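Engineer: next one to model:
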Amino acid sequence: MRTAIAAAEDAAQERDIAALRAWIAEPYRDERGRTKRDIEDFLRFWLLRSQKLYVLTRVTEVGIDPETMRARASVFTALASQPIESTGALRDIRADLYWIDLELEPIDGAWRVVAADWRLATLGDLSSDLL
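Structural biologist: Take a look at the predicted model:
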């Protein structure tokens, strides 16, 4: 699953909307009622907003329910228009920071996002092990 998250990070930096769309399951729905189409629109907005997009992710929690095979991951995410060398560099650059809680299921042999919740993060949210 960490590999799937890293691949999504790479796809975002490469502005590969097709790869990002494929990562979202067709039955996607979150607690705010957003669908796969809503998330695709959000991703397009981010890709169009900046000529260059740099993404840094840190997976902080991962778990799999053995009965449902549904996975959960909590991911700290930074989005910026300049390279992000490390979480420590976030103190010196302007970036949008989010906590993203993902729910994933294995579909057609790959992890696909079936639900997500994200909220704004701050540098104060970073624990010392993420820096």
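Engineer: show residues contacting the helix or strand harbouring Ala115.
Structural biologist: Under the criterion of DSSP states H and E, Ala115 resides in strand 110-120. Strand 110-120 is contacted by residues 1, 4, 23-25, 27-32, 39, 70-71, 77, 97-106 when judged by Cβ atoms under 8 Å, 6 or more residues apart in numbering. The C-beta positions use only the backbone N, C-alpha and C, and glycine is treated the same way.
Engineer: longest helix anywhere in this protein?
Structural biologist: The longest helix of the chain (DSSP state H) is helix 36-49.
Engineer: chain center to the following helix or strand past that one, what's the gap?
Structural biologist: Remark: after helix 36-49, the chain's next helix or strand is strand 54-64, criterion DSSP H and E. The chain centroid and the centroid of strand 54-64 are separated by 8 Å under Cα atoms, centre = their mean, to the nearest Å.
Engineer: helices and strands around strand 54-64, which ones?
Structural biologist: For strand 54-64, the packing partners by 3 or more Cβ pairs under 8 Å, 6 or more residues apart in numbering; DSSP states H and E come out as helix 2-13, strand 71-80.
Engineer: packing partners of the helix or strand following the longest one?
Structural biologist: Following the chain from helix 2-13 toward its C-terminal end, the next helix or strand by DSSP H and E is helix 17-23. Secondary structure elements in contact with helix 17-23, counted by 3+ Cβ pairs under 8 Å, 6+ apart, are helix 2-13, helix 36-49.
Engineer: for the ones you listed, give me JSON lines that also has mean pLDDT and mean neighbour count.
Structural biologist: Putting the helices and strands packed on helix 17-23 into JSON lines (pLDDT from 0 to 100; neighbours: other Cβ atoms under 10 Å) gives the following:
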{"stretch": "helix 2-13", "mean pLDDT": "91", "mean neighbour count": "16"}
{"stretch": "helix 36-49", "mean pLDDT": "88", "mean neighbour count": "14"}
